[in-house]
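Trainee: need a structure here:
(one chain, ligands or ions: 2)
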Amino acid sequence: MNTRIGSCQLSVVVPCYNEQEVLAACHGELTRVLSTVGAGKVESYEIVYVNDGSKDSTGDQLRALFASDPHVKVVDLARNFGHQRAVSAGLEYASGQAVAIMDADLQDPPEVLLQMFDLWLQGNEVIYGVRDTRQGESWFKLATARWFYRLLNSLSERPIPEDAGDFRLLDRRAVNALLQMKEQHRLLRAMSSWIGFRQHPLRYERASRAAGETKYPLRRMIALALDGVLSFSVVPLRVVSVMGLAAAILAALGILYALVLRLFTSIWVEGWTLLFIAMLFLGGVQMLSLGIVGEYIGRIYTEVKQRPLFLVRELLTHDATAAPDHAQR
Ligand code: UDP
Ligand code: MG
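Mentor: Ligands and ions are numbered 1, 2, ... in the order given. You can find the predicted model right below:
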C-alpha cells in the first residue's frame, strides 16, 4: 500500500507509449492549467509520467522534463505493459490527496481537470469524465464503443457509466481501494465504478488526438472489451448452460416428433442430412461452450500465478522521502 500519502495535493497520472510528437505540448498545457491562480487553485501538484516501454524518444524527453521541472515524477516501466497497467503503476507512485488520470494525447482537455478538482474540493470522491461528443473519431469507433458499454452494462452486476473513459479524478481513499485490487485483467473505469464511494459524472467534450496516432487498434479494443465482460460478469457461463438446455429441449422435441410419426403414420423420419446438421450444430455449441469456459480458466491461470502487474526499471522523483522499494508490486 502506498505510504507516501498527501505529500502534495494533486497528482496527475499520464501514461505514455510512443508519444514523442505530443509530449511537449501535453506537458506545456498541463503545467499552464495546473499553475493557474484563481478559483479552485491547486496548492501543490505533481505530474506522474509513466513511460510504458516506449520505443521512440519519449523516454529521453521525460528525462529532460524531469531535469527541468520539479513537479515531474517519471516511472519508467521495464517494457510495454499496456495502458491499464501503466495507469496502475502511476496510481501506485502518485502521492497526491487527489489523483487524476489523463491521456498524453490531449484528448482529455486539461481545463476539465480544474472542474474535476473543484468537484473534489466539494467532497466528491470519484469524478469521472463522460464524453459528450467526440471529434475526429471514426463512426466505427463510436459505434463499437457505444455497443461495448451497452453490452457491459447488461452483463455486469454494477452499472458502468456509459461513455466514460479513464479520464477521471480520484480521492486518495478511492485510489487506495483500487490499489487493493490486484487483478491481472484490469479495466480501471469498471473497477473504479465497482469500488463505490461518492461518484460524480462530469460531461466534457473529447477532442481529437493532438498528434501521433492511436495505440488502440481494433485488436486491442476487442481484448479490452473481453476483459471488461469476463472480469466483471459470469453471465457468459450461464449462457453456456442455457445453450445446453436449449439443445436438450430441441433433441427431446425431435425424439417426440420421430416417435409420433413412427407410431401413428406410415412415414419414417429418414435421411442423414438431418443427422449431419444436428451433429454439426451440437459440435459447434460444444466447442463454443468449451471456449467460453476456457476463457475463464485461462484467466484463473494468469491470476493464480500472481505475477507483478508491472515492473519498474527506474523511478525518477524529486521527493526525497520516496521509498526505494520501487522494483515491483
Ligand atoms: N498507452 C500506454 N500504453 C499502451 C497504449 C497506450 O500507456 O500500450 C497510453 C497512450 O500513450 C495514451 C493513452 O494510453 O496516453 C491512451 O491511448 P490512445 O490515445 O492511443 O487511445 P485512444 O484515445 O485512441 O483510445
Ligand atoms: Mg487518445
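
Trainee: quick one, helices of the stretch 51-200 of the chain?
Mentor: Secondary structure of the stretch 51-200 of the chain, counting by DSSP state H, counting those that start in this stretch: helices at 58-68, 83-93, 110-121, 139-155, 172-180, 188-194.

Trainee: Ok, which of those comes nearest residue 161?
Mentor: Residue 161 lies closest to helix 188-194 among the helices of the stretch 51-200 of the chain, at 6.4 Å (C-beta to C-beta). Where C-beta positions appear, they are placed from N, C-alpha and C, glycine not excepted.

Trainee: right, quick check: that closest one against ligand 1, any contact?
Mentor: No: where contact is defined by C-beta under 6 Å from any ligand atom, no part of helix 188-194 touches ligand 1; the two come within 11.2 Å at best.

Trainee: Counting by contacts, list what that helix packs against.
Mentor: Counting contacts by 3 or more C-beta pairs under 8 Å, 6 or more residues apart in numbering; DSSP states H and E, helix 188-194 packs against helix 83-93, strand 126-134, strand 164-171, helix 172-180, helix 218-232.

Trainee: Pull up the residues of this structure that are close to ligand 1.
Mentor: Residues of the chain lying close to ligand 1 (C-beta under 6 Å from any ligand atom) are 15-17, 19, 52, 80, 82-83, 86, 103-105, 107, 214-216.

Trainee: Of the helices of the stretch 51-200 of the chain, which is nearest ligand 2?
Mentor: Proximity to ligand 2, assessed across those by C-beta to the ion, is greatest for helix 83-93 (9.6 Å).

Trainee: what's the closest one in contact with?
Mentor: By C-beta atoms under 8 Å, 6 or more residues apart in numbering, the list of residues contacting helix 83-93 from outside reads 2, 13-17, 48-50, 52, 73, 75, 77, 81, 99, 101, 166, 170, 175, 178-179, 186-188, 215-216, 224, 227, 309-310, 312, 315, 317, 322, 326, 329.

Trainee: got the residues of the stretch 151-300 of the chain near ligand 2?
Mentor: With C-beta under 5 Å from the ion as the criterion, the stretch 151-300 of the chain does not come near ligand 2 at any residue.
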